[in-house]
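K.L.:
no sequence on this one, just coordinates:
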C-alpha cells in the first residue's frame, strides 16, 4: 500500500516542509520547500503559521490526496509523548509549544514529534545504513553529539524521553567543552569541539615560539574550523592530523562504552564522520580493539550515515511512519 506522509524539519535558521510516499520498504521524496525560521526575530507562532501556509500550498498539488500523518523533527529539549517543544537553545521563544496539537487541529491528521537525533536514527534505520538491524545506534557528530537508539526493533526514548544524550558523558578531566561540560564526549567529537582542540594546540605552539602556517601565511585561531582542518589533514599536515587523531581516539572510547553497554548490531555516524571517515576510522578502530569486549565489538559494524544532505527530510517523514506503526501495534 502506498501512503502519503508529511514532515516538518524545524531548525533554528531554516525549517522545511517535505512530502513523501511510502512504497513498500522505501519512501520516495516528492516535494520539499523551506522557509527562514529566523528564531529570535520571528515568533514561534509566526513561523508555524508560515509552515502551515506552505504545507497547504504544497498539498494542493496532490489532487486532493491527504497524508495519513505528520512527522515533526526538532532539536530538543521536547516532550515527544505530549507533542510539546519545550525550550530548544537554537529556537529562542519556542517555549511550551504544543506543536502536535496545533498540526492535528489544523490538518485533522495524527501528528508525531521526535528530537532530531531520534528522528535521524529512525531514518537511517528504515531507509539508510542501518536497515535490517534489530539494534542500532545513531550518532549525530555535527554541531553537537547526540544519539538515537533502536533497541529490539523499536526506538528507545527512556523514562522521560531523554535517552541518547551521549554527548554529556565526561571522557576526560580536561578537554574541550561540549554540552556545558569540560572534557565531554561532545567536546571531543563535534565540529565546535574539534575547532576548540585546534585552538588550544595552536596556543600551546605559540607559547613555545612556534608558528602554524597555512598556504604560506600564519594561521589565525578563529580560522580553525573542522572543514579547514580536514582539508589540511588530507594534505598530510601534521598539526591537523594530530587534532583528528585526538578526536578519533575519544570517538573510539565512546563507541567502546556503547558497544559494551548495548551490544548493537551496528553504529551509524553522521555529519562530520560521514564526510571525514578516512580521518577517523583507523585510530577509532584501534581504540575499540583495545577497549571494547571482543565479542560485542566483533559483531558490531560501524558505518557512515547514507542519507547525506537529505537526512533531515527522511527524518521528519520517518517520525510520521514510526508514529503510525506504533499506533497500529
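P.N.:
Cool, the structure landed. Small disclaimer: the values here were computed from a predicted structure and weren't measured.
K.L.:
By average pLDDT, which secondary structure element in this protein comes out worst?
P.N.:
When the helices and strands of the chain are scored by mean pLDDT, DSSP states H and E, strand 213-214 comes last with a mean of 62.
K.L.:
Below-threshold pLDDT in this protein: ranges please.
P.N.:
Low-confidence segments of the chain, defined by pLDDT under 70, are located at 1, 210-217, 219.
K.L.:
mind giving me the domain ranges of it?
P.N.:
According to automatic domain parsing, the chain comprises the domains 3-128+309-328, 136-305.
K.L.:
In a markdown table: these, plus mean neighbour count.
P.N.:
Any C-beta I mention is one placed from the backbone N, CA and C, and that applies to glycine too. Formatted as a markdown table, the domains of the chain follow (neighbours: other C-beta atoms under 10 Å):
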| stretch | mean neighbour count |
| --- | --- |
| domain 3-128+309-328 | 20 |
| domain 136-305 | 18 |
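K.L.:
how about the strands in the stretch 151-300 of the chain?
P.N.:
154-156, 177-178, 181-182, 213-214, 217-218, 266-269 (DSSP state E, counting those that start in this stretch).
K.L.:
will you turn those into a markdown table that also has distance to residue 30?
P.N.:
Shown next, in a markdown table, are those (distance: least, C-beta to C-beta, whole Å):
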| stretch | distance to residue 30 |
| --- | --- |
| strand 154-156 | 24 |
| strand 177-178 | 37 |
| strand 181-182 | 42 |
| strand 213-214 | 44 |
| strand 217-218 | 48 |
| strand 266-269 | 25 |
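K.L.:
For residue 286, find the nearest of the ones you listed.
P.N.:
Closest to residue 286 of the strands of the stretch 151-300 of the chain is strand 266-269 (C-beta to C-beta; 16.0 Å).
K.L.:
Figure out how far the closest one is from the centre of its chain.
P.N.:
Centre-to-centre, strand 266-269 and its host chain are 12 Å apart (C-alpha atoms, centre = their mean, to the nearest Å).
K.L.:
That strand pairs with which strands, parallel or anti?
P.N.:
Here strand 266-269 is paired, per DSSP bridges, with strand 136-139 (parallel), strand 301-304 (parallel).
K.L.:
Select, out of the ones you listed, the one closest to residue 187.
P.N.:
Nearest to residue 187 among the strands paired with strand 266-269 is strand 136-139; the distance by C-beta to C-beta comes to 14.5 Å.
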